[in-house]
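K.L.:
Starting from these lines, generate the structure:
(2 chains)
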Amino acid sequence: MHDPRVLKDQLATLQEQLGTRGKDIPWDQIQKLTEQRRELIAQVEDLRHQLKLGSEDVAKRKREKLPTDEVTARLRELGDRIQTLEEPLRKLEEELHGQALRIPNTPQSSVPHGTDASQNVEVRRWGTPPSFDFTPRSHDELGEALGIFDFERASKLTGSRFSLSIGLGAKLERALANFMLELHTQEHGYTEILPPFIVNRAAMTGTGQLPKFEDDAFHLASEDYFLIPTSEVPVTNIYQNEILSEEDLPIRYVAHTPCFRREAGSYGQDTKGLIRVHQFNKVELVNFTHPEQSQDALEALTMAAEKVLQALNLPYRVMALCTGDLGFSAAKTYDLEVWVPSQQTYREVSSCSNFEAFQARRAGIRYRPKKGKATHLHTLNGSALAIGRTVMAILENYQQADGSVNIPNALRSYFSETEHMITPSPKK
RNA sequence: GGAGGGGUGCUAGAGUGGACGAAUAGGCCGGUCUUGAAAACCGGAGUUCUUCACGGGACCGUGGGUUCGAAUCCCACCCCCUCCGCCA
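P.N.:
Next up is the predicted model:
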């Protein structure tokens, strides 16, 4: 959410800054509502002031044992008038707030201009894609042959776009989660969090998933609760409506949770394998920082995510998202894309964003500076990494001609010696 | 699920219809004292909306209601605690 003062006084500037990002916003209507609100407030406040003075007069008269009937009759009428104005005012403010929650964040000036993902800018590249003297197979093909995935049976349990990992496939997920959590807690100064996987409407609104993207989330039928689409939601909202002290910052949390996404509107895309599923595991980094430190924090957070790929020796590139591809709440985002041999291209395994005060304003997360008043802090988060997609990258990049897959050195301590290579086993 | 208790500022906690935006204490900030610190003493400070400003309005879990007037009374909901029941 934007600063209400900006909405009130600099709406045109904001519209200009957002450019195509703001093309669906009813700017004129917001302008109109703002003006109406201003007028109504002036009226209501004036009447209320009169009412207050009158009430004090009644209190005084009672003390002095003077009659009050005439005054109270007049005030009753005044109260009625206030009520008739308050109702439209309440509706108006609700409407205005609803609109404000649907305006996306302003991109930082360093964000490249563009309309879609094709105009994202490569920032750097790490590692060399492996060369194979055979045609590399896709991870879903490999996994089925190795007996570690069973997508058919997964769809029997729930439906399409669910995965079922077996044996070393399941263990690989577990090893990766452990490896990532250890790396971030021991090397990067993160504190591990295990949050709820189900959150309420306020939390989803705080981080920006609601109200605009309700269709993307799984909603429980029995309660007004949602399955988390990312641990960003529960972890960022830990400090919802709180004021932290300046010396508490920065706060760095890491969480490993499943993530649930409806993937509405993605029919036909990435229908096979682990790339796009309704439930996947992810290790997520969340930062709460001083406003002046969020830029540096984004670089550090992105680097922490890159360290995972480097340790696993997976080739990747870092992309700066352009204005057209930037998420709703983000002011700046780097995507990490890992090399996928079967597709001869890089695919997203991580998205690292600085939200500046956008989420903090929605969620009411502030800090108290040493001097001055409470101010919204900055929030950031990034996947480090999406585990399913990392499994995909490992299978594909570490595959051998015979269809077996080596376990990366960095993960071997989580496996017994006989498990350092996954070899094909017939499907049961 | 049943019974009871409770949600007040940064924190603890008082306040049960009018001079209450809210006692008191702690913490915080500034000062006196001190070589420095601590202690003691003195002083200061909530959030937010509206207005160019003066000023004014709102905010005691949330939403309604009663009343001239609500932190205080009524209703509904949410959350926390204790006991009982059930349970991984």
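K.L.:
Okay, domains of chain A per the record?
P.N.:
A:4-100, A:117-422 (automatic domain parsing).
K.L.:
Can you say which of the ones you listed is packed in most?
P.N.:
Using mean count of other CB atoms under 10 Å, the stretch among these with the largest mean neighbour count is domain A:117-422, at a mean of 19. Any C-beta I mention is one placed from the backbone N, CA and C, and that applies to glycine too.
K.L.:
quick one: is that domain near RNA strand B?
P.N.:
Yes. Interface with RNA strand B: domain A:117-422 contributes A:243, A:368, A:370-371, A:373-374 (CB under 7 Å from any atom of the strand).
K.L.:
Within the helices and strands, which one has whichever residue of the stretch 151-300 of chain A sits closest to RNA strand B?
P.N.:
Per CB to the nearest atom of the strand, the residue of the stretch 151-300 of chain A with the smallest distance to RNA strand B is A:I243, at 4.8 Å. Counting by DSSP states H and E, the element that carries A:I243 is strand A:242-245.
K.L.:
The lowest-mean-pLDDT helix or strand in chain A packs against which elements?
P.N.:
The weakest-scoring helix or strand in chain A, judged by mean pLDDT, DSSP states H and E, is strand A:242-245 (a mean of 82). Applying 3 or more CB pairs under 8 Å, 6 or more residues apart in numbering; DSSP states H and E, we find strand A:242-245 packed against strand A:365-368.
K.L.:
could I get the strand it packs on in CSV with only the CA atoms?
P.N.:
The C-alpha atoms that make up strand A:365-368 are tabulated as CSV, following Å, rounded to 0.1, in the frame of the first residue of the first chain:
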residue,chain,number,x,y,z
ILE,A,365,5.0,-3.1,10.9
ARG,A,366,7.0,-0.2,12.3
TYR,A,367,10.1,0.5,14.2
ARG,A,368,10.9,3.3,16.6
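K.L.:
Just the mean pLDDT for whichever helix or strand comes after that strand, thanks.
P.N.:
Under the assignment DSSP H and E, the closest C-terminal helix or strand after strand A:365-368 is strand A:375-376. What strand A:375-376 shows for mean pLDDT is 88.
K.L.:
Can I get whichever helix or strand comes after strand A:375-376 in PDB? Just the C-alpha atoms.
P.N.:
For strand A:375-376, the following helix or strand on the C-terminal side (DSSP H and E) is strand A:378-386. Only the C-alpha atoms of strand A:378-386 are listed here, as PDB (Å, rounded to 0.1, in the frame of the first residue of the first chain):
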ATOM      1  CA  HIS A 378      11.300  -2.300   5.000                       C
ATOM      2  CA  THR A 379      10.600  -5.900   4.300                       C
ATOM      3  CA  LEU A 380      12.300  -8.200   1.900                       C
ATOM      4  CA  ASN A 381      12.100 -11.900   1.000                       C
ATOM      5  CA  GLY A 382      13.500 -14.400  -1.300                       C
ATOM      6  CA  SER A 383      13.400 -18.100  -2.000                       C
ATOM      7  CA  ALA A 384      16.600 -19.900  -1.100                       C
ATOM      8  CA  LEU A 385      15.500 -22.000  -2.700                       C
ATOM      9  CA  ALA A 386      12.300 -23.600  -4.100                       C
END
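K.L.:
Just list what strand A:378-386 packs against, helices and strands only.
P.N.:
Here strand A:378-386 touches helix A:168-187, helix A:232-236, strand A:279-289, helix A:294-311, strand A:345-356, helix A:358-363, going by 3+ CB pairs under 8 Å, 6+ apart.
K.L.:
Fine by me, we can end here.
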